[in-house]
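K.L.:
predicted model follows, preceded by the sequence.
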Amino acid sequence: MSDYEFHEDVLKAGRKGQIRDDVQDFSVDPVDGIVHARKLLVHEWGDAPDMGFGRMGPDNAPQPPNEGAPQECLTGANGGTWYWRFWEHALGWQRRAAQIYCRKGPHGSGSLHLATAYPDPNGTTIDGQMVDRIVLENDGTLSLPGVPFDGQRFRIRLPDGSIAYLRVER
């Protein structure tokens, strides 16, 4: 048995180790190159695994090698996003509910952003409205741009579910 056959069997195995041909665990869309995977486990023997995003050029830059050399990313460019969304039976896939992403800072530095969808007063999500809730800036500063703040205190939820306020002194 080759390594590929072993891994193919592992991909098809259910919780009890039974091979299921009725579930497609992995596919690649040939039109847009999107990979669909039911689960992803990244591991390596003797070394920590890495996952990474890389970006070249500003928005809509030509793609090398046929259309020129790679271009530098501009400060503020999004370097990659992990996001979550949910399926609703009658509506299909909904817009993003939450995301984590990185923006390019000066001299190759970056900031890390945690954002959630902004609900309208009716409790539904406004299309495309993501709000940065927590930002770790490139100099280590922790920003809370999307956390409720009345000028003197932040609203927080305590472990018992009650709402409390964290007072800020300047």
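P.N.:
Yes, it's here.
K.L.:
grab the nearest non-local neighbour of the residue most central in space within the chain.
P.N.:
Centroid check for the chain by CA atoms, centre = their mean gives W82 as the closest residue, at 1.1 Å. Closest residue to W82 apart from its sequence neighbours, by CB to CB, 6 or more residues apart in numbering: I100 at 4.9 Å. The way it works is simple: take the backbone N, C-alpha and C, and place the C-beta from them, glycine included.
K.L.:
tell me the mean pLDDT for the strand or helix carrying the one you found?
P.N.:
Assigned by DSSP states H and E, I100 falls within strand 98-104. Taken as a whole, strand 98-104 has an average pLDDT of 95.
K.L.:
might one say that C73 is in contact with G79?
P.N.:
Yes: with contacts counted by CB atoms under 8 Å, C73 reaches G79, the gap being 7.2 Å.
K.L.:
common neighbours of the two, please.
P.N.:
Residues within reach of C73 and of G79 at once, by CB atoms under 8 Å, 6 or more residues apart in numbering, are R55, K104.
K.L.:
neighbour count: the two, which is higher?
P.N.:
A direct count of neighbours by other CB atoms under 10 Å for C73 and G79 places C73 higher, at 19 against 16.
K.L.:
returning to that earlier point: so what pLDDT did the residue nearest to the centre of the chain get?
P.N.:
Among the per-residue scores, W82 shows a pLDDT of 93.
K.L.:
ok, which stretches of the chain are helices?
P.N.:
Under the criterion DSSP state H, the chain contains helices at 3-12.
K.L.:
what residue ranges in it score low on pLDDT?
P.N.:
The model of the chain has pLDDT under 70 over residues 1-24, 64-65, 67, 119-128.
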